[in-house]
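In: Sequence plus predicted model, see below.
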Amino acid sequence: MRSIRAFWCLPLLLLLSAGDGGKYDYDTDLLTPEFHAGRRNALRALMPDSSVAVFFASPVRNRANDVDYDYHPDPNFYYLTGLREPNAVLLVFKEKIAIDTLFTNEILFVQDRNPGAEAWTGRRLGPAGAKSTLKVDRVLSNTTFTGLKIDYKRFRKVFFYPLPTDVRDSEYDKADLYDLVAHVRHSTKGNKNNEELLIDQYMSILRQVKQPEEMVLLRKAIDISCAAHIEMIKALEPGMGEYETQAILEYEFRRRGAEAVGYPSICGGGENSCILHYTTNRKPLTGNNLIVLDAGAEYHGYTADITRTLPVDGKFSDEEKAIYNIVLEAQEAGIALCRPGNDFRAPHKAAVAVIKKRLLELGVIAKEEDFQLYFFHGTSHYLGLDVHDPGMYGRLEAGNVITVEPGIYIPEGSPCDPKWWNIGIRIEDDILITSGAPENLSGSIPKTIPEIETMMKVESYLNRRPDLPKPTGGHSH
Ligand code: GLY
Ligand code: MN
């Protein structure tokens, strides 16, 4: 057995040994090495003299037994390098410095090529491939990291995020993330120049303003998601399970080239429309259900975040209409304030004012402050590589992309007329702040009641086929 393995490894080794990094990137619209280099320079510009920032790739997470979750790069690490492999560490120095025989201002440590492992879990760039593809000044094998003599005390500041403590240590790999983190923990332990808070601020300052290259990918993620939501509006009908709406949305994402969802799809019908992050998605839908569909595609790391609320049978009831139009008015009031110079919370304040006033008028609440029973989340967050992207939450500025997503959720048993119970409504769009008027990047999806009811009458090529099994175990609300 041993000799057969050795025999097979030899040609594979030759095949894989060259710096063929990037050759198997079938996508031609990835962020460029120049983009990532520009981001590292922008980070350096924020860092004080004589400082270093340490970034780790995200860990491989085990699902069960010998199956891992899909690998998802750490967004900061990806933003600064473009690397999508685990077990890597990046050092960004403010100035060029001498370390061992090197003189550089950045070093990326990556996994070595390993034909045996690559045949199982996929291609690796290796140091040579990473160097030619990513163009970081110095790229070394991660096996050299612990041997490199860096005196972290020599810097004025050493920036890193809280070091992860829940990483698995593979007994076969002496340079996996566990070992890389343990080395930094050991080398910086008790040092007075360690700094965790500022690095978070620096990355927020950088990531909250989208560069043109990022906007191309974010727009693509949002356009894909819009197409999926539009097909969903056409396809929705009673008898579907919530899981079927999830399947339709995610099928449309994937067939348009999205690699993943940016977050677990929320497909909450009836009573589940009142659970903000409901992801069970098992309920059979009936004609008198509303469904909250909060789903966004991820494209080359960038994610959309879009919510529409639809009547399963194609017609809103009077009560649903009344609540829906309040949420819509609140959202439009919020979007109107997405302008540079405004406080980040201005859209939220505008949405709250509408919801308070209108719920009082409807008699759903008796005093203003009770609006919090039914609207208890923020209206906006930044959007980008993370669905809840980092940002400073200060003043809005051109290049920010934020969501505007007010909602009203009235679960069964709420202290109001039972005719309002189990109505949960959220409407969410992705808004680009420009120097002028806000641009609604997801504005192509129907949103008013007449628009939605009209589009729901349109046939979808995905309409429910008679051969699909009927959802089981349903009871209507
Ligand atoms: N899309 C879920 C959220 O924004 O929390
Ligand atoms: Mn959101």
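Out: Cool, got the structure. Ligands and ions are numbered 1, 2, ... in the order given.
In: quick one: contacts for Tyr178?
Out: Applying CB atoms under 8 Å, 6 or more residues apart in numbering to Tyr178 gives the contacts 167-170. Every C-beta, even on glycine, is put in place using the N, C-alpha and C of the backbone.
In: next helix or strand past the helix or strand bottoming out on mean pLDDT in the chain?
Out: Across the helices and strands of the chain, mean pLDDT, DSSP states H and E gives its lowest value to helix 2-17, namely a mean of 41. Where DSSP states H and E defines the elements, the next helix or strand beyond helix 2-17 is helix 33-46.
In: Average pLDDT for that following helix, rounded please.
Out: Averaging pLDDT along helix 33-46 yields 98.
In: now do stretch 260-279
Out: Average pLDDT, stretch 260-279: 98.
In: List the buried residues in it.
Out: Within stretch 260-279, the residues that qualify as buried are 261-263, 265-274, 278, counting by 16 or more other CB atoms under 10 Å.
In: Could you do stretch 103-111 as well?
Out: Taking 16+ other CB under 10 Å as the neighbour-count basis, stretch 103-111 is seen to contain the buried residues 105-111.
In: so how many other residues sit close to the closest residue to Glu271 other than its chain neighbours?
Out: Nearest residue to Glu271 in three dimensions, chain neighbours excluded: Asn422, at 4.9 Å (CB to CB, 6 or more residues apart in numbering). If you count neighbours by other CB atoms under 10 Å, Asn422 ends up with 21.
In: which residues does Asn422 contact?
Out: By CB under 8 Å, 6+ apart, Asn422 lies in contact with 270-271, 273-274, 410-412, 477.
In: Quick one: the helices in the protein, in order.
Out: Using DSSP state H, the helices of the chain run over residues 2-17, 33-46, 75-81, 115-121, 126-134, 177-188, 197-207, 212-235, 242-255, 318-336, 346-362, 449-456.
In: circling back to that earlier point, so which of the buried residues of stretch 103-111 sit within strands?
Out: Here DSSP state E is the test, and these give 105-110 as lying in strands.
In: surely Tyr374 meets Pro415?
Out: No: if you go by CB atoms under 8 Å, Tyr374 and Pro415 don't touch, sitting 10.3 Å apart.
In: quick one, which of those two is more surrounded?
Out: Neighbour totals were compared for Tyr374 and Pro415, and Tyr374 leads with 24 against 10 (other CB under 10 Å).
In: can you tell me which residues contact the closest residue to that one other than its chain neighbours?
Out: Setting aside the residues directly before and after it, Tyr374 is nearest to Ile408 in space (CB to CB, 6+ apart), at 4.9 Å. Counting by CB under 8 Å, 6+ apart, Ile408 touches 323, 326-327, 355, 359, 374-375, 423-425.
In: what's the neighbour count on Lys149?
Out: Burial measure for Lys149: 7 neighbouring residues, criterion other CB under 10 Å.
In: Next up, phi/psi of it, please.
Out: The phi/psi pair for Lys149 (degrees, to the nearest 10) reads phi -80, psi 100.
In: That one: what's it in contact with?
Out: By CB under 8 Å, 6+ apart, the contact list for Lys149 reads 99-100.
In: quick one: pLDDT of Pro411?
Out: Note on Pro411: pLDDT of 98.
In: Distance of it relative to Gly268?
Out: Taking CB to CB, to the nearest Å as the measure, Pro411 falls 11 Å from Gly268.
In: Mutual contacts of the two, please.
Out: Common neighbours of Pro411 and Gly268, using CB under 8 Å, 6+ apart, are 274, 424.
In: quick one: which of the contacts of Asn422 is nearest ligand 2?
Out: Nearest to ligand 2 among the contacts of Asn422, counting by CB to the ion, is Ser273 at 15.6 Å.
In: ok, the closest one to ligand 1 distance?
Out: Counting by CB to the nearest ligand atom, to the nearest Å, the gap from Ser273 to ligand 1 is 14 Å.
In: can you check Asn65 too?
Out: As defined by CB to the nearest ligand atom, Asn65 lies at a distance of 30 Å from ligand 1.
In: And the pLDDT for that residue?
Out: As predicted, Asn65 sits at a pLDDT of 95.
In: cool, and the one 3 residues further on?
Out: Reading off the confidence values, Asp68 has pLDDT 95.
In: quick one, what contacts Thr434?
Out: Contacts for Thr434 (CB under 8 Å, 6+ apart) come out as 340, 398.
In: just the angle between the longest strand seen in the chain and helix 33-46, please?
Out: When the chain is parsed with DSSP E, its longest strand is strand 89-99. Interaxial angle of strand 89-99 relative to helix 33-46 (axes from the mean of the first three to the mean of the last three CA atoms, to 10 degrees): 70 degrees.
In: where are the low-confidence patches of this protein?
Out: Per-residue confidence for the chain (pLDDT under 70) gives these ranges: 1-22, 472-477.
In: How about the residues of it by ligand 1?
Out: Taking CB under 6 Å from any ligand atom as the test, the list of the chain residues beside ligand 1 reads 263, 294, 305, 387.
In: Out of these, which is nearest to Arg219?
Out: Distance ranking of these against Arg219, using CB to CB, places Asp305 first at 13.6 Å.
In: Not counting its neighbours along the chain, what's nearest that closest one?
Out: Gly296 (4.5 Å).
In: how many neighbours does that neighbour have?
Out: For Gly296, the neighbour count with other CB under 10 Å is 30.
In: With Leu31 instead?
Out: Leu31: 20 neighbours (other CB under 10 Å).
In: roughly how far apart are it and Glu214?
Out: Distance of Leu31 to Glu214, computed by CB to CB: 7 Å.
In: Then Pro48?
Out: For Pro48, the distance to Glu214 equals 26 Å [CB to CB].
In: Quick check, Thr133 in contact with His36.
Out: No: with contacts counted by CB under 8 Å, Thr133 stays clear of His36, the gap being 10.5 Å.
In: Which single residue in the stretch 151-300 of the chain comes nearest to ligand 1?
Out: Using CB to the nearest ligand atom, the closest approach of the stretch 151-300 of the chain to ligand 1 is made by Asp294 at 4.8 Å.
In: Could I get the contacting residues of that residue?
Out: Asp294 makes contact with 265-267, 305-307, 426, 428, according to CB under 8 Å, 6+ apart.
In: on that earlier part again, what is in contact with Thr133 and His36 at once?
Out: Common neighbours of Thr133 and His36 (CB under 8 Å, 6+ apart) are Gly82.
In: Let me know how buried Glu118 is, in neighbour terms.
Out: Glu118: 15 surrounding residues under other CB under 10 Å.
In: What ranges does the stretch 301-450 of the chain have for its strands?
Out: Along the stretch 301-450 of the chain, the stretches classed as strands by DSSP state E, counting those that start in this stretch are 302-303, 307-311, 401-404, 407-410, 423-426, 429-432, 439-440.
In: Good, wrapping up.
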